[in-house]
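A.B. asks: A structural model of the following input is requested.
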Amino acid sequence: MRFHVLTLFPEMLEQGLCQSILGRAVQRGQLSFHMVDIRDYTEDKHGKVDDYPYGGGAGMLMQAQPVYDAYLSVAAEIAAGDSRQGDGEARPGGRVRTIYVTPQGRTFTQRLARELAQEEELVFLCGHYEGVDERVLEEIVTDYVSLGDYVLTGGELPAMVMIDAIARLVPGVLHNGESAEDESFHNDLLEYPQYSRPEVWRGKPVPEVLLSGNHKNIQAWRLERSLERTRQRRPDLYERYQMRQDFIRELAKHKRRYIHLMELLSRDMAWEVCREGKSLLLNVENTQIYVLYAESSQEAGQLLKQCGADRLWEQEHIRILVCQEDVRDFLTERYGLAVGGVCRQACYTRKESLRVQHRDIRPLTVDDLEHVAGRYPTCERAYLRQRLLAGTMYGVYMSGGETSPAGFIGIHEDGSMGMLYVDEAYRRQGLASSLEGWLVNRHLKRGEIPYCRVEDGNLAAMCLQEKLGLCLCGESMWWLEKRKNICKNFL
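C.D. replies: Residues are numbered from 1 along each chain as shown. Model (predicted):
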């Protein structure tokens, strides 16, 4: 991931960002920082980049011309990089995501950090003095973001804070993929207390459970402390967490049918677009995928009316997952959505790990795109590339010297397992079972319920689920979409 920062003080950011974990990620090629000195682009012979604001007022204002020209230099470099990459992928919206650091923007949150971490390139504009000429902001800025309701002398410090929060979510930066998931604000809970050596310090011992080696008890203790800390320090988050848990418990009465909703909520992978009685519309984070829960078409209609469905369907590539046949008919007739796929869900409800015969399973990278795309045409190339960049695809290797996997599996945007494929030469050797079993175990380790969707009529995939002990739902569900074949979220 590459960060471009338009600033008057590039050395300040270089010294702050190229140290410790982020510095090592730069050395490994996982991150890149490009600091652009706005003064280099001024046309004033004295290097001036500011002037008095029209209409009077205290302070000086950064001029439009040097900021704009600095931005154009970055845009040209990004375009050249896209051309060299040769993927042929059009950049959404035609321009790179550009963030203006300002107290007038929306508040920066962990959810926004996760959203921005999905980008390959980000531009930050750091203001100074009394701000920046509004005309250039209108030309280049896509996001106005604030650290909070206070004012600083410049945008460099908040830009560094945001970059640090975003960069650590890039796959591989932290080395331990679990650590970013277990910290403050994950799933609306604050992090549990942490302890290190010595066992006793100033008469205060480490809690005995942490020394027991019993991982189940340790996890239970951490959740209890996390809940207690959240209730005491952030009652707003605690209330939101409890509401979500109540809804999950209600859905659990029909776990096989609603496992996708339960996991989206418990993994904090979706946000509520609208809620009306027992009906709920969720948007899967950073996607145009929506999941609708309603017990009847009448409830679905009331919910969609409340949230302004006509505006919702204006999105170009929207996909919506529904579980009820009458709701499906209502949406296809009322909004002209087409059925893009019929599937059944399967979930692993036991706690025991599965046996994995072939253990050489490793994360794939974007360098594996040609291999994966050539073997899995069901998904569009851009989607596969996005999953590879997100670090959610894994390959199995038959020997340590192989450069390409004999098979692979991945996690879809909505958290379901899928994209399972084994090369023909290696079939009937248990590789598919090993891949899915390995991924099931990974979910279990993270405290999640593994689940997948199987396309109706795919008997081989259904047999695999039964072999591995996944419970198959007896009822179908439907993908409705405006544009077909974006990606079928099946195995």
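A.B. asks: mind checking which helix or strand of the protein has the lowest mean pLDDT?
C.D. replies: Least confident element among the helices and strands of the chain, by mean pLDDT, DSSP states H and E: helix 309-312 (a mean of 81).
A.B. asks: Quick one: distance of that helix to the chain centre.
C.D. replies: What separates the centre of helix 309-312 from the centre of its chain is 24 Å, taken as Cα atoms, centre = their mean, to the nearest Å.
A.B. asks: now do stretch 346-357
C.D. replies: 25 Å.
A.B. asks: what do you get for stretch 349-359?
C.D. replies: Its chain's C-alpha centre and that of stretch 349-359 lie 26 Å apart, by Cα atoms, centre = their mean.
A.B. asks: Quick one: end-to-end distance for that stretch.
C.D. replies: End-to-end distance of stretch 349-359 (Cα to Cα, to the nearest Å): 23 Å.
A.B. asks: Need the contact partners of it.
C.D. replies: By Cβ atoms under 8 Å, 6 or more residues apart in numbering, the residues outside stretch 349-359 that reach it are 255, 396, 398, 429-431, 433-435, 437-438, 440-441, 444, 449, 468-469, 471. Glycine gets a C-beta too; all of them are placed from N, C-alpha and C.
A.B. asks: Let me see the ranges of the strands in the stretch 101-250 of the chain.
C.D. replies: Per DSSP state E, counting those that start in this stretch, the stretch 101-250 of the chain carries strands over the ranges 121-126, 143-146, 200-201, 204-205.
A.B. asks: ranking those strands by burial, who's on top?
C.D. replies: Using mean count of other Cβ atoms under 10 Å, the stretch among those with the largest mean neighbour count is strand 121-126, at a mean of 25.
A.B. asks: What pairs with that strand, parallel or antiparallel?
C.D. replies: strand 2-7 (parallel), strand 97-107 (parallel) (DSSP bridges).
A.B. asks: rank these by pLDDT, which is bottom?
C.D. replies: Comparing mean pLDDT across these, the weakest is strand 97-107, with a mean of 94.
A.B. asks: That one: which residues count as buried?
C.D. replies: 97-103, 105 (16 or more other Cβ atoms under 10 Å).
A.B. asks: can I get the residues you listed in JSON lines with distance to Tyr192?
C.D. replies: Shown next, in JSON lines, are those (distance: Cβ to Cβ, whole Å):
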{"residue": "Arg97", "distance to Tyr192": "33"}
{"residue": "Thr98", "distance to Tyr192": "37"}
{"residue": "Ile99", "distance to Tyr192": "32"}
{"residue": "Tyr100", "distance to Tyr192": "36"}
{"residue": "Val101", "distance to Tyr192": "32"}
{"residue": "Thr102", "distance to Tyr192": "34"}
{"residue": "Pro103", "distance to Tyr192": "32"}
{"residue": "Gly105", "distance to Tyr192": "31"}
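A.B. asks: was I right about Phe490 contacting Asn458?
C.D. replies: Yes: here Phe490 lies in contact with Asn458, judged by Cβ atoms under 8 Å, at a distance of 7.2 Å.
A.B. asks: who's more crowded, the two?
C.D. replies: Phe490 (24 against 16; other Cβ atoms under 10 Å).
A.B. asks: Can you pull the phi/psi pair for the more buried one?
C.D. replies: Dihedral angles phi and psi of Phe490 (degrees, to the nearest 10) take the values phi -120, psi 170.
A.B. asks: nearest spatial neighbour of it, skipping sequence neighbours?
C.D. replies: Closest residue in space to Phe490, ignoring its immediate chain neighbours: Glu455 at 4.5 Å, by Cβ to Cβ, 6 or more residues apart in numbering.
A.B. asks: Show me the beta-bridge partners of that neighbour.
C.D. replies: Counting by DSSP bridges, Glu455 forms beta bridges with Cys343.
A.B. asks: Tyr394: what secondary structure?
C.D. replies: What DSSP: H, G, I helix; E, B strand; the rest coil gives for Tyr394 is strand.
A.B. asks: Looking at the closest residue to Ala309 other than its chain neighbours now. What's its pLDDT?
C.D. replies: In space, Ala309 comes closest to Tyr335 once its chain neighbours are excluded; the distance is 6.8 Å by Cβ to Cβ, 6+ apart. Note for Tyr335: predicted pLDDT of 87.
A.B. asks: wait, isn't Tyr335 in contact with Arg311?
C.D. replies: No: at 11.7 Å, Tyr335 does not count as touching Arg311 under the criterion of Cβ under 8 Å.
A.B. asks: more crowded one of these two?
C.D. replies: Counted by other Cβ under 10 Å, Tyr335 and Arg311 do not tie: Tyr335 has more neighbours, with 16 against 8.
A.B. asks: ok, the more buried one to Asp414 distance?
C.D. replies: Distance from Tyr335 to Asp414, counting by Cβ to Cβ, to the nearest Å: 21 Å.
A.B. asks: same question, Ala167
C.D. replies: 25 Å.
A.B. asks: What of Tyr348?
C.D. replies: For Tyr348, the distance to Asp414 equals 17 Å [Cβ to Cβ].
A.B. asks: So, low pLDDT: which residues of the stretch 251-400 of the chain?
C.D. replies: Nowhere does the stretch 251-400 of the chain drop to pLDDT under 70.
A.B. asks: ok, now the stretch 51-200 of the chain?
C.D. replies: Residue ranges of the stretch 51-200 of the chain with pLDDT under 70: 83-94, 176-186.
A.B. asks: Nearest to Ala294, out of the strands of the stretch 101-250 of the chain?
C.D. replies: strand 143-146 (32.6 Å; Cβ to Cβ).
A.B. asks: picking up where we left off before, turn the strands paired with strand 121-126 into a markdown table, columns for distance to Trp221.
C.D. replies: A markdown table is the format used below for the strands paired with strand 121-126 (distance: least, Cβ to Cβ, whole Å):
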| stretch | distance to Trp221 |
| --- | --- |
| strand 2-7 | 38 |
| strand 97-107 | 32 |
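A.B. asks: of all the ones you listed, which lies closest to Arg39?
C.D. replies: strand 2-7 (9.6 Å).
A.B. asks: ok, Leu261 touching Leu251?
C.D. replies: Yes: under the criterion of Cβ under 8 Å, Leu261 makes contact with Leu251 at 5.5 Å.
A.B. asks: Am I right that Glu299 sits in a helix?
C.D. replies: Yes: if the criterion is three-state DSSP, then Glu299 is within a helix.
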